[in-house]
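[1] Let's see this in three dimensions:
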Amino acid sequence: MPIAYITHHSCSLHVMGAHHPEQPARLHAINDRLIASGLDMVLLHHDAPAATHEQLLRVHDEQYVRHVFDSAPREGQVWLDGDTAMGPQTLEAALHAAGGSVHAVDMVMTGQANQAFCAVRPPGHHAERARAMGFCFFNNVAVGAAHAMDEYGLERVAIVDFDVHHGNGTENIFTGDERVLFCSTFQHPFYPHSGYDSTAPNIVNCPLPSRADGAAFREAVEAHWLPALERFAPQLVMISAGFDGHREDDMANLRLMEFDYAWVTRRLCDIADRHANARVVSTLEGGYSLEALARSVNVHIKSFLGEHA
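    Residues are numbered from 1 along each chain as shown. You can find the predicted model right below:
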């Protein structure tokens, strides 16, 4: 069954400044790499629809959603926090980024694909129920997970986040929700300075020290994520796929490589094969070294096919 590749042209129009690391060139680099590798030819390409208000309100407060809409400028920029700005095209991009996750869920739940990758921006995992931060406006993966539970009646959805930054927004939205298991690795201490002291039973956080390498990452996944995922037996596996833990990415100080992302992707596919009818939805989060990002996304998607880097 083909892998769905979901994106939208508006996601390349959102700009937060000429030197901002979360830039349109990220999507261009991914697309160029997929074409060069030939992987582009085996993907099922779909445009991401815009998320509806109803879909956003499943995970965000109504007043916050209204604030984002009202803040959208016709020209110039409006900063919602110190590193998160809206331009004239931002709102459309953010709606399609969240809608991409919804569409991906629809595709895997209706049997049109086993796996889906959403090449979208702005990212989402820092967006809390009522707060934009960390380049994020709407929590894309959370919108998709809520859609899966409300529209398809799923009782167990796993969200796995290997971005170098803790997915504070996803944790904020789903803490205490027994229908969702949230597993995360992240550099600590580091932005957003959260997650290291979480106690909710549905949260499995694995802080990693600066300069931790693939061996340390794999040890954390094998010791904590995989046993929790097996016990949870998810009906759908969702991935917040951030690649800024790569050793070439100077946003942070982890030392992961492409083969580490391939390895963890295969382990998550194994979980999905056993418990979720192979259903996996992955959504782009971070990754700011363009070359490393492009290579990492390529092996991530390739691993859905059962191939390694």
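[2] What lies in contact with stretch 70-82?
    Stretch 70-82 has contacts (Cβ atoms under 8 Å, 6 or more residues apart in numbering) with 16-17, 68, 85-88, 90-91, 131-134, 137. Yep, even glycine has a C-beta here, placed from its N, CA and C like the rest.
[3] other SSEs contacting the host helix or strand of A85?
    Per DSSP states H and E: A85 is located in strand 84-86. Judged by 3 or more Cβ pairs under 8 Å, 6 or more residues apart in numbering; DSSP states H and E, strand 84-86 is in contact with strand 78-81.
[4] can you give me the mean pLDDT across the strand it packs on?
    For strand 78-81, mean pLDDT is 97.
[5] State the mean pLDDT of the strand holding A85.
    Average pLDDT, strand 84-86: 98.
[6] List the buried residues for that strand?
    Neighbour counts over strand 84-86 (16 or more other Cβ atoms under 10 Å) mark 84-86 as buried.
[7] Out of the residues you listed, the closest to T52 would be?
    Using Cβ to Cβ, the shortest approach to T52 within the buried residues of strand 84-86 belongs to M86, at 19.7 Å.
[8] Share the number of residues neighbouring the closest residue to that closest one other than its chain neighbours, please.
    Residue nearest to M86 in three dimensions, not counting chain neighbours: V78, with 4.8 Å by Cβ to Cβ, 6 or more residues apart in numbering. Counted with other Cβ atoms under 10 Å, residues neighbouring V78 total 13.
[9] E285 and G306, how far apart?
    Note on E285: its distance to G306, by Cβ to Cβ, to the nearest Å, is 24 Å.
[10] So those two - more neighbours on which side?
    Set E285 next to G306 and count neighbours by other Cβ under 10 Å: E285 wins out with 30 against 9.
[11] Show me the beta-bridge partners of the residue nearest the centre of the chain.
    What sits nearest the mean C-alpha location of the chain, by Cα atoms, centre = their mean, is S240, with 2.6 Å. Beta-bridge partners recorded for S240 (DSSP bridges): D161, T283.
[12] Looks like it contacts A158 (just checking).
    No. S240 is not in contact with A158 according to Cβ atoms under 8 Å; the separation is 11.2 Å.
[13] Out of the contacts of stretch 70-82, which sit inside strands?
    Among the contacts of stretch 70-82, the ones falling in strands (DSSP state E) are 85-86.
[14] Just the buried residues of the contacts of stretch 70-82.
    For the contacts of stretch 70-82, a burial check counting by 16+ other Cβ under 10 Å picks out 16, 68, 85-87, 90-91, 131-134, 137.
[15] For the chain, which segments count as helices?
    Assigned by DSSP state H, the chain shows helices spanning 25-37, 53-57, 62-71, 90-109, 140-152, 168-174, 214-220, 226-232, 258-275, 290-304.
[16] how about a markdown table for these, with mean pLDDT and distance to H125 added?
    Output for the helices of the chain, formatted as a markdown table (pLDDT from 0 to 100; distance: least, Cβ to Cβ, whole Å):
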| stretch | mean pLDDT | distance to H125 |
| --- | --- | --- |
| helix 25-37 | 98 | 15 |
| helix 53-57 | 99 | 15 |
| helix 62-71 | 98 | 16 |
| helix 90-109 | 99 | 11 |
| helix 140-152 | 99 | 6 |
| helix 168-174 | 98 | 5 |
| helix 214-220 | 98 | 18 |
| helix 226-232 | 98 | 18 |
| helix 258-275 | 98 | 16 |
| helix 290-304 | 98 | 16 |
